[in-house]
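Asks: A predicted structure for the sequence below; I have some questions about it.
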Amino acid sequence: MKKIISMAILVLLGLGVRNIQAQGETAVPFLLLAPDSRFGSLGESGAGLADNSAAIFWNPAGLAFLDGSEVSITHSNWLPQFGLSDLFYEYLTYRDYLKSLSGTISASITYMNFGEFVRTLSNSPQPVGTFKSFDAALTLGYATKLSKSFGMGFNFRLIHSRLSDKPTENELGRGIATSISFDIAAMWRPQEFSLPFIGDFSDRFSMGVNLSNLGPKIAYIDQAQADPIPTNFRLGFAFRLFQDEYNSLTYTLDFSKLLVDKSHRNDTTGTYQKKPFYEAIFTAWADQPFREELRDIITSMGFEYWYGKPSDFMFALRTGFFYEDPAFGNRKFITLGAGIRYDMYGFDFSYITTSVFKGRENHPLSNTLRFTILMNWGSKVKNTKGFPTGID
């Protein structure tokens, strides 16, 4: 990509126009991208299911219910409508249940490549050099069961962002920043659970909560110009609607909200003085009228159908829907996907389409593909259809 274009704007186009209109609510928005194929094809919902190594992103508490080990890698060319072959991300995950720790350790590496850019001076279009840009994050996690039906998960994350290797004109500092964050999550997967007038959902219902990217602001130039990282709240549910020896059908539903409080406006500069994360996780729920707060919540859902025996060959079909209010980003898309499992190996892919919505045929997210390859070994049941029996 030999073009003079803003990396941040490219990512924000994929995350919703509201962020652009607000001059960027947060830095490092790549931390919000749905990183894997399976849950990406479920409308980007997964906090309630979270039953593979990608749970380190969706809900690390889900790892508490898994045994054995797993490794996966995902690749996606991001915003394909731009035709930029070097705008892509990679996502590598690992999990391992350790009996000695009574829980599961996990790790992930997220890498977003923005490509190569031409450097110019403000008073001349003449190129004076090139530079490469990327964002990356290393996450380490631990999850354990507090009871047969309740799990907790925790992540620590190191974030590195390299937007430019030199300062712009006479600015101090460079376009390089490093910060940290952490996540805390919970999962309730009851062994006995009945819904009045609906039915018995014992071992068929799951609910999860994930509070992610809690951490200090990140600064490229100086601390006075630091921006918050994208602290996010996610509440998810999963229902197994049907299951027999060969078939299963699961429904997932997520609600998520970006917890950045920008209610305090500086009348002199016209900018918002964004509060630190430990205040924003509370005040961001009331920095605008109640009706607007509800519209600010993103809704996503999906269906996953499995056919086959967990101890043999299985294949899955998936679909989902992602909805963001028109006044708060206006992302709407349908997701499709499929997957196979054989012995210790698996493959998933997902596809995003916006063409079913009038006027959005050429949206930057349309035709986005994700591909995931995984290996799972040492589990009591090598391939599950969701809601694994877990560890007693």
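Replies: Sure, I can see it.
Asks: next one: residue 383, what pLDDT does it get?
Replies: Listed pLDDT for residue 383 reads 53.
Asks: which residue packs closest to residue 71, ignoring adjacent ones?
Replies: With sequence-adjacent residues excluded and distances taken as Cβ to Cβ, 6 or more residues apart in numbering, residue 71 is closest to residue 94, at 4.9 Å. Backbone N, C-alpha and C define where each C-beta goes, glycine included.
Asks: try residue 232
Replies: residue 212 (5.1 Å).
Asks: so where is the chain shaky, pLDDT-wise?
Replies: Low-confidence segments of the chain, defined by pLDDT under 70: 1-25, 120-124, 128, 166-173, 224, 262-273, 359-362, 381-392.
Asks: that older thread, tell me the contacts of the residue nearest to residue 71?
Replies: Contact analysis of residue 94 by Cβ atoms under 8 Å, 6 or more residues apart in numbering lists 53, 69-71, 106-108.
Asks: what helix or strand is it on?
Replies: Counting by DSSP states H and E, the element that carries residue 94 is strand 88-98.
Asks: gap between the helix or strand encompassing the residue nearest to residue 232 and the chain center?
Replies: For residue 212, the element it lies in under DSSP H and E is strand 205-214. Centroid separation for strand 205-214 versus its chain: 12 Å, with Cα atoms, centre = their mean, to the nearest Å.
Asks: try stretch 239-246
Replies: Centroid separation for stretch 239-246 versus its chain: 27 Å, with Cα atoms, centre = their mean.
Asks: list the buried residues of that stretch.
Replies: Neighbour counts over stretch 239-246 (16 or more other Cβ atoms under 10 Å) mark 239-240, 243 as buried.
Asks: distance to residue 88 and secondary structure for these - can I get that in CSV?
Replies: Listed next are the buried residues of stretch 239-246 as CSV, based on distance: Cβ to Cβ, whole Å; DSSP: H, G, I helix; E, B strand; the rest coil:
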residue, distance to residue 88, secondary structure
239, 34, strand
240, 34, strand
243, 37, strand
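Asks: closest to residue 319 out of the residues you listed?
Replies: residue 239 (15.6 Å; Cβ to Cβ).
Asks: distance of the residue nearest to residue 232 from residue 277?
Replies: Distance, residue 212 to residue 277, using Cβ to Cβ, to the nearest Å: 11 Å.
Asks: more crowded one of those two?
Replies: In terms of neighbours (other Cβ atoms under 10 Å), residue 212 is the more surrounded of residue 212 and residue 277; the figures are 28 against 20.
Asks: residues touching that one, list them.
Replies: 31, 57, 155, 181, 183, 185, 231-232, 234.
Asks: just the closest of the residues you listed to residue 216, please.
Replies: Closest approach to residue 216 among the contacts of residue 212 (Cβ to Cβ): residue 181, at 8.2 Å.
Asks: dihedrals phi and psi, that closest one?
Replies: Dihedral pair for residue 181: phi -160, psi 170, per degrees, to the nearest 10.
Asks: please name the residues that touch it.
Replies: 31, 156-157, 159, 212-215, 229, 231.
Asks: 10 Å instead, please
Replies: When contacts are counted by Cβ atoms under 10 Å, 6 or more residues apart in numbering, residue 181 touches 28, 31, 137, 139, 155-159, 212-216, 218, 229-231, 277.
Asks: and for residue 156?
Replies: 138-142, 180-183, 215.
Asks: try it again with 6 Å
Replies: Each residue near residue 156 by Cβ atoms under 6 Å, 6 or more residues apart in numbering is listed here: 140, 182.
Asks: which element is it on?
Replies: Secondary-structure element containing residue 156, defined by DSSP H and E: strand 150-162.
Asks: between that strand and strand 205-214, how many degrees?
Replies: Here the directions of strand 150-162 and strand 205-214 differ by 30 degrees (axes from the mean of the first three to the mean of the last three Cα atoms, to 10 degrees).
Asks: direction included, what does the top strand by length along the chain pair against?
Replies: Longest strand in the chain, counting residues (DSSP state E): strand 124-145. Strand pairing for strand 124-145, determined by DSSP bridges: strand 103-121 (antiparallel), strand 150-162 (antiparallel).
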